[in-house]
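Visitor: pasted the sequence and its predicted model underneath.
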2 protein chains.
Amino acid sequence: MSPTPSRRRERRERRSAPASPLAHIPWLSVKNSMPPLTRLDEEGRQKIHEASMTILEEIGMAFLDDEALDMWAKAGAKVDRSRQVVWADRQLVLDLVAQAPPHFTWRARNPERTVFIGQNQINFAPNGGVVFVHDLDYGRRPGLMKDYINFLKLVQMCNAIHIAGDQLIVPHDVEVSFRHLRRSQAALKLTDKAYMEAPHGRIISGDAVEMAKIVFGDDITESNQPVLGGIINASSPLRYDDRMIGGILTFARANQVLIITPFILAGAMSPITMAAAIAQQNAEALAGIALAQLARPGAPVIYGGFATNLDMKTGSPAFGTPEGAWATIVGAQMARFYNLPFRNSGTLNTSNVPDAQAAYETMWAVWPAVLSHSNFIMHSVGWLEGGLTVGYEKMIIDMENLGMFQHFFQEVEISDDTLALDMIKEIGPGGHHLGTPHTQARFRTEYYTPVLADRQNYESWQLSGVGDAAQRANKIWKDVLNAYEQPPLDEAIRDALDDFVARRTEELRGVELYS
Amino acid sequence: MSPTPSRRRERRERRSAPASPLAHIPWLSVKNSMPPLTRLDEEGRQKIHEASMTILEEIGMAFLDDEALDMWAKAGAKVDRSRQVVWADRQLVLDLVAQAPPHFTWRARNPERTVFIGQNQINFAPNGGVVFVHDLDYGRRPGLMKDYINFLKLVQMCNAIHIAGDQLIVPHDVEVSFRHLRRSQAALKLTDKAYMEAPHGRIISGDAVEMAKIVFGDDITESNQPVLGGIINASSPLRYDDRMIGGILTFARANQVLIITPFILAGAMSPITMAAAIAQQNAEALAGIALAQLARPGAPVIYGGFATNLDMKTGSPAFGTPEGAWATIVGAQMARFYNLPFRNSGTLNTSNVPDAQAAYETMWAVWPAVLSHSNFIMHSVGWLEGGLTVGYEKMIIDMENLGMFQHFFQEVEISDDTLALDMIKEIGPGGHHLGTPHTQARFRTEYYTPVLADRQNYESWQLSGVGDAAQRANKIWKDVLNAYEQPPLDEAIRDALDDFVARRTEELRGVELYS
């Protein structure tokens, strides 16, 4: 089949695209071969487990959805329909949780981008649920569809990001009733990675599944390799609302990935102590996972942790804190105890600009995440302002760091060749290894080559005028966007997607939907 | 004894000093209760060990000092005096290394500031060997004695720093011949923490020991609780110069702490591969430690690691890299294998300003350091520009992070009280815990309270005009200096110190000494 004219044009454009500054980062599977960090001993872990079971059995969880209440009642839980509260025995909950797969494969439309979720595998996903964008040129402003598209392109161009996100930014210029259609349409066209859509209520989630079917085929609901995933948040404390329950039931029945994440700011949505926050998080996560298994035994789920503390001076959420680091490690430890994959978050920080605070708070979230065997790391690029804002420059700063983590987790070879005793002998005491054949053969590939870090001395740096990290990142994200190449997509599929979006846009116009 | 007039004045001043912004950080013992990170399996570790032994036995180490060559010859090593090279059998080296204490106590002149070195204990020490200072007001400039004094005051005021450093900055306005006298004099007066002096040659090191005796008594050379420590660097590859050997012999014989640290930029001072860099580091560190034990069996030493890679684009050192993180973890693993305390570094970074790069590269050094059971973390505040510069604002940014690490490593209590099931029950689904007695009783003390991080939303932050992290740090370091209080020191001791410094200053005036 000879290429159509538009295909040919695309290819020409692709050939002429400049090299992306992120092109040095390869697509790699990232595994943490070190044992996971842990902070609880057996006794502490057992106490958290027992407290969670007591919460589920004696205090109860609210499920604000009649269908869910029916399902719990049918499964044998005690249900108070007027208060919409469910009390479930630990046996029931743990039996349901045990039906969830300990690991699974999440298919991408480019088979080379398919990812494995579980064990010691690390997958980075981008920002989600963000309202504002920030860049050095215009400061902070509400997000637009243009920004959504830009972020998808940046995500596609960065091989250190394994999954194309959902709700990368709220596109305020698109009507709420069909935002989800535009999001999925853009994600499926502009990236070829495993992708996400917000499972918010039955209509949005149902549309998301239909669009996934258009691209991947109708059998996605039967195969055990899901193609679509989304974040569920408990409305902590101890509550799932109808929006989230609609998403759980719809995605679970379609066999798609649910990342079930209580959102707990200790001191507000739970008692102030991190022990209580984690016990409550555990109860809430297990309750949501159990409901997904009630909807469809074996539905793929990820146990999500998102517990941090409140800032007691401002009443704002505090991110990138010592308490949050502890909660990440302990959250992962609890997920492993139930034999479930774990989700955590990457760039949590409260800074308003891409400064030192943004960077170090981010590292306080990422290091514990990668070292505790978090399998799915959400928000691993871009956050500012406690997740209200995504920064273009911050995205580049974080992408550089993901590239570094990818490199850090590769195994270092210890062999006669790498120990190079012959070279050490030849150079001897007091010489240098700069020009040796051993160095020359490896100097381009041995180390991670940074795109953002500047290592010039002060005088050269000052003369170069490249500015600080944020200023350099400002140039980089523009260069990456200029170098963006759209991955190929079968035209019939593209047309079918567009037709679906056009039809549903008309059907949903004016319909009140969840954002 | 009633206080003298000057004492009374001092007390009045102390009473009226404003509260320091760092006052919220307590003095605490910091232990990492998690197992250390490791990157080598048994086989890899053995290969590194074997390669190091081959280096020492077959390739040899240069010791550019006649006394050291005599000592090695007398101990049975093969010595080539014309080339100043020593080949030592592994049995000899390992027997000597085994005489070093696996852990020890390092006395401070304030007994409450005495520290333990070894096991899973973490001690933070400040910047050292730095040439330039940087602040937002004046940019980068050569360091002066005024800066030296300021840095000592900041170190004294930050409880998260356990040890007062040496060579915090080069005081360019003090003649080289007596810089060491002024440094020790200032450290002993302005701080009451365990302190350091550069063991550079026999004269400087000897003076340092004499000054320590004035403050701590003549028996410091006999007791097994050293009071003074300093950094020794191998002149890699495979060489100790006479300056460093003079320091090793003088400090070891006086029973003071030697932190013996090869400085390896892989690709220049060793082969480019990190396996070779670590094998060479291990050989060099063990050779230096063995020499210290030849000088005095049982002399307290710390095995130092400082291996990172060269930036292959600029030829500059690269700090805060994935390769450096690997080397930290593996270096600590090797030190543990020989049952020795381990030294690493904290704020290694190559940025010229206290920006996002400075912050994230720093975190790439600190996280591996604290998680790999590094016992002594040098340069844990202040670095910029690959260690050529110390930044006032960067110091505050790092001090905040040390406070966070101190908090992170405290044990979190898991008990009925902290699990707070009664509160979770009382609030129930959908409520909030902001005003509960459980929250109210703990909200001031439960979490680490930041001094630098700003958690306001964008609008409030913009209105407040406090600026980014570096701008806020600029105010903080000035406030800390304003709040500085000099710790008490017996007047007779102070006078004796001043007399010693005055006499030796005259004796050394014009004498060429190492800087």
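Guide: Perfect, I can see it now.

Visitor: where does chain A have its least confident helix or strand?
Guide: Lowest on mean pLDDT, DSSP states H and E among the helices and strands of chain A sits helix A:5-16, with a mean of 50.

Visitor: after that helix comes which helix or strand?
Guide: Once helix A:5-16 ends, the next helix or strand along the chain (criterion: DSSP states H and E) is strand A:30-31.

Visitor: now the most centrally placed residue in chain A: how far from A:Ala365?
Guide: Central residue of chain A (C-alpha atoms, centre = their mean): A:Met378, 2.3 Å from the mean position. Look at A:Met378 and A:Ala365: by C-beta to C-beta, to the nearest Å, they are 11 Å apart. Every C-beta, even on glycine, is put in place using the N, C-alpha and C of the backbone.

Visitor: common neighbours of these two, please.
Guide: Common contacts of A:Met378 and A:Ala365 (C-beta atoms under 8 Å, 6 or more residues apart in numbering or on different chains): A:Asn344, A:Ser345, A:Gly346.

Visitor: what pLDDT does the model give the last one?
Guide: Which is A:Gly346. A:Gly346 carries a pLDDT score of 93 in this model.

Visitor: go on, A:Leu238?
Guide: In this model, A:Leu238 is scored at 98, pLDDT.

Visitor: low-confidence ranges, the stretch 1-150 of chain A, go.
Guide: A:1-17 (pLDDT under 70).

Visitor: for the closest residue to chain B within it, list each beta-bridge partner.
Guide: Nearest to chain B, among the residues of the stretch 1-150 of chain A, is A:Ala62, at 3.6 Å (C-beta to the nearest C-beta). The partner list for A:Ala62 in beta bridges (DSSP bridges) reads A:Val85, A:Arg239.

Visitor: now for it, how many residues are close by?
Guide: A:Ala62 has 22 neighbours, counted by other C-beta atoms under 10 Å in any protein chain shown.

Visitor: residues contacting it?
Guide: With C-beta under 8 Å, 6+ apart, A:Ala62 has these contacts: A:Arg83, A:Gln84, A:Val85, A:Val86, A:Leu238, A:Arg239, A:Tyr240, B:Pro429, B:Gly430.

Visitor: what strand or helix carries A:Arg343?
Guide: strand A:342-345.

Visitor: which other helices and strands contact that strand?
Guide: strand A:301-304, helix A:322-337, helix A:356-371, strand A:376-378 (3 or more C-beta pairs under 8 Å, 6 or more residues apart in numbering or on different chains; DSSP states H and E).

Visitor: with distance to chain B and mean pLDDT added, can I get these in CSV?
Guide: Output for the helices and strands packed on strand A:342-345, formatted as CSV (distance: least, C-beta to the nearest C-beta, whole Å; pLDDT from 0 to 100):
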stretch, distance to chain B, mean pLDDT
strand A:301-304, 19, 98
helix A:322-337, 4, 98
helix A:356-371, 3, 98
strand A:376-378, 15, 98
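
Visitor: comparing these, which comes out most buried?
Guide: The highest mean neighbour count among those, using mean count of other C-beta atoms under 10 Å in any protein chain shown, belongs to strand A:301-304: a mean of 31.

Visitor: right, and the helix or strand after that one?
Guide: Trace forward from strand A:301-304 with DSSP H and E and the next one is strand A:307-310.

Visitor: what lines up beside that following strand in the sheet?
Guide: Counting by DSSP bridges, strand A:307-310 is paired with strand A:264-266 (parallel), strand A:317-318 (antiparallel).

Visitor: quick one: it to chain centroid distance?
Guide: Centroid separation for strand A:307-310 versus its chain: 19 Å, with C-alpha atoms, centre = their mean, to the nearest Å.

Visitor: just put the strands paired with strand A:307-310 in TSV and tack on mean pLDDT and mean neighbour count.
Guide: Listed next are those as TSV, based on pLDDT from 0 to 100; neighbours: other C-beta atoms under 10 Å in any protein chain shown:
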stretch	mean pLDDT	mean neighbour count
strand A:264-266	96	26
strand A:317-318	94	25
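
Visitor: tell me the phi and psi of A:Trp72?
Guide: Main-chain torsions, A:Trp72, degrees, to the nearest 10: phi -60, psi -40.

Visitor: that one: how many residues sit nearby?
Guide: Counted with other C-beta under 10 Å, A:Trp72 comes out at 23.

Visitor: A:Gln119 against A:His103, yeah?
Guide: Yes: with contacts counted by C-beta atoms under 8 Å, A:Gln119 reaches A:His103, the gap being 5.6 Å.

Visitor: A:Pro271 against B:Met423, yeah?
Guide: Yes: contact criterion C-beta under 8 Å: A:Pro271 and B:Met423 qualify, at 4.8 Å.

Visitor: A:Leu508 and A:Phe500: what is the separation?
Guide: 12 Å.

Visitor: pull up the overlap in contacts between these two.
Guide: Joint contacts of A:Leu508 and A:Phe500 (C-beta under 8 Å, 6+ apart) are A:Leu181.

Visitor: next, format the shared contacts of A:Met378 and A:Ala365 as a markdown table and append neighbour count and distance to B:Asp416.
Guide: As requested, the shared contacts of A:Met378 and A:Ala365 are arranged in a markdown table below (neighbours: other C-beta atoms under 10 Å in any protein chain shown; distance: C-beta to C-beta, whole Å):
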| residue | neighbour count | distance to B:Asp416 |
| --- | --- | --- |
| A:Asn344 | 33 | 27 |
| A:Ser345 | 27 | 30 |
| A:Gly346 | 27 | 34 |
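
Visitor: ok, those vs chain B, which is closest?
Guide: Nearest member of the shared contacts of A:Met378 and A:Ala365 to chain B, counting by C-beta to the nearest C-beta, is A:Gly346, at 12.4 Å.

Visitor: ok, now which ones touch that closest one?
Guide: The contact partners of A:Gly346, by C-beta under 8 Å, 6+ apart, come to A:Phe124, A:Thr362, A:Ala365, A:Val366, A:Ala369, A:Ile377, A:Met378, A:His379, A:Ser380, A:Val381, A:Trp383, A:Asp398.

Visitor: again, only this time at 6 Å
Guide: Residues in contact with A:Gly346, defined by C-beta atoms under 6 Å, 6 or more residues apart in numbering or on different chains, are A:Ala365, A:Val366, A:Ile377, A:His379, A:Ser380.

Visitor: count the residues that sit near A:Asp49.
Guide: Careful, residue A:49 is His; it's not Asp. Residues lying near A:His49 (other C-beta under 10 Å) number 20.

Visitor: repeat for A:Arg503
Guide: Neighbours around A:Arg503, by other C-beta under 10 Å: 11.

Visitor: model confidence for it, exactly?
Guide: Predicted confidence (pLDDT) for A:Arg503: 98.

Visitor: kindly report the same for the one 10 residues further on.
Guide: Predicted confidence (pLDDT) at A:Leu513: the value is 87.

Visitor: measure stretch A:74-83 end to end?
Guide: From the first residue to the last, stretch A:74-83 extends over 17 Å; the measure is C-alpha to C-alpha, to the nearest Å.
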